[in-house]
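1. I need the structure of the sequence given here:
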Amino acid sequence: MPNPTDSSDSQHNKPSQAEVDKSPQPAHATTGSSTTPRSRLTKTPKMAANGSRAFMWYALALIIIVIDQWTKWLAETKLTFHDPVPVIEPFLNWTLAYNYGAAFSFLADAGGWQKWFFSGLALLMSLFLIIYLLKAPRKATLLSLGLAMVLGGALGNLIDRLLHGHVIDFIHVHYADVWHYPIFNIADIGISLGVVLIVIDMLFLEKKREMPQS
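-> Down below sits the predicted model:
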C-alpha cells in the first residue's frame with residue numbers, strides 16, 4: 001500500500017508555479033530550431049544598382065551634348081564675336097564669347113597649358129560619372145538625373161576644348177549696363193542644375209534610402 005506520507009512529501013518537494021527562473025535570458029528571437037539575434041532583425045536594405053539601366057541616363061547626357069553643340073554651332077554661325085543681340089531687354093542677350101579658362105574665365109589668360117589641364121580634369125570627371133551611374137542606387141532617380149546632367153555638360157565643354165581650344169559661350173544674362181553675369185552656355189546650365197539635384201539628394205533623400213527596415 002502506498003504510504004500517505006510519501007505523497008505529501010513529494011508534493012512539498014515540487015516547485016511551486018511562483019518559483020520561476022527569473023535569470024536574464026539572451027536577447028534572441030527563436031524561429032524553429034534556429035535562433036537569430038534581435039539586432040539582426042533590423043537591417044539596412046540593400047539597394048539594387050542601376051546596372052544596365054544606366055544607359056537610359058547615358059542617353060540623357062547624350063541629348064544634352066547634342067543640344068549644347070547644336071546651339072554653339074548656331075551661335076558661331078549667326079552671331080558676331082562680342083556683338084550682343086538683344087533677346088529680352090534689359091535682361092538677356094545672345095553674345096558670342098570664348099572662354100579659354102574654367103568657370104568665370106578662371107585661368108583664361110594662362111599660357112595655353114590650361115587647355116590640357118581642364119580637358120584632363122573634365123575627362124577624369126566624366127569617367128568617374130560614367131562608372132558611378134552604373135553603381136548608383138536604382139531608386140535614386142534624382143541623383144542619377146543630376147549625375148547625367150553633369151556628365152552631359154562636362155563632355156559638351158570638353159568637346160569644345162579639344163576641337164577649338166576654348167569653350168563657346170553665348171547666353172548673356174544682365175541688367176542693363178549695371179550688372180552682367182558671366183556669359184555661359186547649355187553645358188554650363190546642365191552642370192549647374194545637375195549639381196543642385198545631387199545636393200538635394202544628399203541632404204534630403206540619401207538618409208531616407210539608408211533607413212533600416214524591420
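2. now the spatially most central residue of the chain. Nearest residue, chain neighbours left out?
-> When C-alpha atoms, centre = their mean is applied to the chain, the residue found nearest the centroid is Leu143 (3.4 Å). Leaving aside its sequence neighbours, Leu143 sits nearest to Asp201 (C-beta to C-beta, 6 or more residues apart in numbering; 4.2 Å). From N, CA and C alone the C-beta is placed, and that goes for glycine too.
3. do Glu76 as well
-> Excluding the flanking residues, the one nearest Glu76 by C-beta to C-beta, 6+ apart is Ile168, at 6.4 Å.
4. can you confirm the one you found is in a helix?
-> No. Ile168 sits outside any helix when classified using DSSP: H, G, I helix; E, B strand; the rest coil, being strand.
5. okay, now the unreliable bits of the protein?
-> The chain contains residues with pLDDT under 70 at 1-45, 101-114, 213-214.
6. now do the helices in it.
-> Taking DSSP state H, the helices of the chain run over residues 4-13, 54-78, 113-135, 141-164, 186-200, 206-209.
7. export those to a markdown table and tack on distance to Val178?
-> Shown next, in a markdown table, are the helices of the chain (distance: least, C-beta to C-beta, whole Å):
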| stretch | distance to Val178 |
| --- | --- |
| helix 4-13 | 102 |
| helix 54-78 | 25 |
| helix 113-135 | 31 |
| helix 141-164 | 29 |
| helix 186-200 | 23 |
| helix 206-209 | 41 |
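8. and those, which is most packed in?
-> Counting by mean count of other C-beta atoms under 10 Å, helix 141-164 has the highest mean neighbour count of these, with a mean of 22.
9. so what secondary structure elements neighbour that helix?
-> Counting contacts by 3 or more C-beta pairs under 8 Å, 6 or more residues apart in numbering; DSSP states H and E, helix 141-164 is packed against helix 54-78, helix 113-135, strand 167-175, helix 186-200.
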